[in-house]
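Peer 1: Here is a sequence together with a model predicted from it:
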Amino acid sequence: MLKTNNKTEGCREINLTAENMESISIKIKVFARIEKEGDLYVSICPDLDIASQGETEQQARDNLAEAISGFILTCLEMGTLHQVLMECGFGKERPEPEESSLLDISIPFPSFSETPLCPA
(Lines give C-alpha, C1' and ligand atoms only; values in the text may rest on other atoms or scores of the structure.)
Protein backbone atom coordinates (compact mmCIF):
# COMPACT_ATOMS: atom_id res chain seq x y z
CA MET A 1 0.00 0.00 0.00
CA LEU A 2 1.26 3.44 -0.97
CA LYS A 3 0.23 6.24 1.34
CA THR A 4 1.42 9.82 1.41
CA ASN A 5 0.30 12.52 3.78
CA ASN A 6 1.07 16.15 3.08
CA LYS A 7 -0.15 17.84 6.25
CA THR A 8 -0.02 21.58 6.67
CA GLU A 9 -0.85 24.15 9.33
CA GLY A 10 -4.18 23.70 11.08
CA CYS A 11 -6.18 20.85 9.62
CA ARG A 12 -5.49 21.28 5.92
CA GLU A 13 -4.25 18.01 4.51
CA ILE A 14 -4.11 15.86 1.42
CA ASN A 15 -3.75 12.07 1.51
CA LEU A 16 -3.04 9.88 -1.51
CA THR A 17 -3.83 6.21 -0.89
CA ALA A 18 -3.31 3.25 -3.20
CA GLU A 19 -4.42 -0.09 -1.79
CA ASN A 20 -3.32 -1.63 -5.09
CA MET A 21 -3.24 -0.55 -8.72
CA GLU A 22 -7.01 -1.13 -8.91
CA SER A 23 -7.98 1.34 -6.18
CA ILE A 24 -6.54 4.83 -5.83
CA SER A 25 -8.15 7.77 -4.06
CA ILE A 26 -7.25 11.21 -2.83
CA LYS A 27 -8.72 12.57 0.37
CA ILE A 28 -8.45 16.29 0.88
CA LYS A 29 -9.42 18.32 3.91
CA VAL A 30 -9.69 22.07 3.36
CA PHE A 31 -11.47 24.99 4.93
CA ALA A 32 -14.81 26.10 3.50
CA ARG A 33 -17.07 29.05 4.22
CA ILE A 34 -20.76 29.19 3.30
CA GLU A 35 -22.62 32.49 3.22
CA LYS A 36 -26.21 33.35 2.30
CA GLU A 37 -26.36 35.87 -0.54
CA GLY A 38 -29.90 36.71 -1.59
CA ASP A 39 -31.76 33.51 -2.45
CA LEU A 40 -28.58 31.43 -2.80
CA TYR A 41 -25.85 30.06 -0.57
CA VAL A 42 -22.31 30.74 -1.76
CA SER A 43 -19.57 28.30 -0.75
CA ILE A 44 -15.93 29.34 -0.81
CA CYS A 45 -12.73 27.34 -0.32
CA PRO A 46 -10.11 29.99 0.52
CA ASP A 47 -7.33 27.37 0.55
CA LEU A 48 -7.74 26.69 -3.19
CA ASP A 49 -9.52 29.89 -4.23
CA ILE A 50 -12.55 27.95 -5.49
CA ALA A 51 -16.20 28.94 -5.10
CA SER A 52 -19.60 27.47 -5.90
CA GLN A 53 -23.24 28.00 -4.93
CA GLY A 54 -26.51 26.21 -4.26
CA GLU A 55 -30.12 26.76 -3.29
CA THR A 56 -29.48 25.22 0.15
CA GLU A 57 -26.46 25.24 2.43
CA GLN A 58 -25.94 21.50 1.83
CA GLN A 59 -26.23 21.89 -1.94
CA ALA A 60 -23.65 24.71 -1.84
CA ARG A 61 -21.31 22.46 0.21
CA ASP A 62 -21.83 19.50 -2.18
CA ASN A 63 -21.30 21.71 -5.25
CA LEU A 64 -18.08 23.08 -3.75
CA ALA A 65 -16.83 19.54 -3.09
CA GLU A 66 -17.60 18.63 -6.72
CA ALA A 67 -15.78 21.75 -7.98
CA ILE A 68 -12.73 20.94 -5.84
CA SER A 69 -12.73 17.33 -7.06
CA GLY A 70 -12.79 18.49 -10.68
CA PHE A 71 -10.01 20.99 -9.99
CA ILE A 72 -7.77 18.38 -8.32
CA LEU A 73 -8.37 15.83 -11.10
CA THR A 74 -7.59 18.43 -13.77
CA CYS A 75 -4.36 19.38 -11.98
CA LEU A 76 -3.38 15.70 -11.82
CA GLU A 77 -4.12 15.20 -15.52
CA MET A 78 -2.03 18.26 -16.39
CA GLY A 79 0.80 17.24 -14.03
CA THR A 80 0.55 20.51 -12.09
CA LEU A 81 -0.95 19.40 -8.75
CA HIS A 82 2.22 19.86 -6.69
CA GLN A 83 2.93 23.29 -8.19
CA VAL A 84 -0.68 24.45 -7.69
CA LEU A 85 -0.78 23.28 -4.07
CA MET A 86 2.49 25.08 -3.31
CA GLU A 87 1.14 28.26 -4.94
CA CYS A 88 -2.03 27.93 -2.82
CA GLY A 89 0.06 27.83 0.33
CA PHE A 90 0.03 24.12 1.20
CA GLY A 91 3.22 23.31 3.04
CA LYS A 92 3.37 26.80 4.61
CA GLU A 93 2.04 27.93 7.94
CA ARG A 94 -1.18 29.87 7.46
CA PRO A 95 -3.82 31.01 9.90
CA GLU A 96 -7.22 29.34 9.94
CA PRO A 97 -9.72 31.40 7.90
CA GLU A 98 -12.37 33.14 9.98
CA GLU A 99 -15.89 31.65 10.07
CA SER A 100 -14.80 28.52 8.20
CA SER A 101 -15.44 24.84 8.74
CA LEU A 102 -13.54 21.84 7.43
CA LEU A 103 -14.67 20.13 4.25
CA ASP A 104 -13.63 16.49 3.72
CA ILE A 105 -13.56 15.35 0.10
CA SER A 106 -12.77 11.88 -1.30
CA ILE A 107 -11.79 11.74 -4.95
CA PRO A 108 -11.86 8.18 -6.34
CA PHE A 109 -10.01 7.29 -9.51
CA PRO A 110 -11.13 4.75 -12.11
CA SER A 111 -9.30 1.45 -11.94
CA PHE A 112 -6.23 1.22 -14.15
CA SER A 113 -7.60 -1.94 -15.75
CA GLU A 114 -10.63 0.04 -17.01
CA THR A 115 -8.55 2.96 -18.32
CA PRO A 116 -6.84 2.42 -21.68
CA LEU A 117 -3.12 3.20 -21.61
CA CYS A 118 -3.20 4.56 -25.13
CA PRO A 119 -6.21 6.48 -26.48
CA ALA A 120 -5.47 5.30 -30.04
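Peer 2: That came in fine, so what should we check first? Quantities reported herein were computed from a predicted structural model and do not represent experimental measurements.

Peer 1: so where's this structure uncertain?
Peer 2: The chain contains residues with pLDDT under 70 at 1-24, 93-100, 109-120.

Peer 1: Regarding Gly91, what is its secondary structure?
Peer 2: coil (DSSP: H, G, I helix; E, B strand; the rest coil).

Peer 1: measure it to Gln58 for me?
Peer 2: For Gly91, the distance to Gln58 equals 31 Å [Cβ to Cβ, to the nearest Å]. Glycine gets a C-beta too; all of them are placed from N, C-alpha and C.

Peer 1: Which parts of this structure are strands?
Peer 2: 2-7, 13-20, 23-37, 40-45, 50-54, 101-108 (DSSP state E).

Peer 1: before we move on, back to that, okay, Gly91 and Gln58: which has more neighbours?
Peer 2: Comparing Gly91 with Gln58 by other Cβ atoms under 10 Å, the one with more neighbours is Gly91, at 14 against 11.

Peer 1: For that one, give me phi and psi.
Peer 2: phi 90, psi 0 (degrees, to the nearest 10).

Peer 1: my read: it touches Leu85, true?
Peer 2: Yes. Gly91 lies in contact with Leu85 (Cβ atoms under 8 Å); the separation is 7.3 Å.

Peer 1: biggest helix in this structure by residues?
Peer 2: helix 57-78 (DSSP state H).

Peer 1: same for that helix, what does it pack against?
Peer 2: Where contact means 3 or more Cβ pairs under 8 Å, 6 or more residues apart in numbering; DSSP states H and E, helix 57-78 is packed against strand 23-37, strand 40-45, strand 50-54, helix 81-87, strand 101-108.
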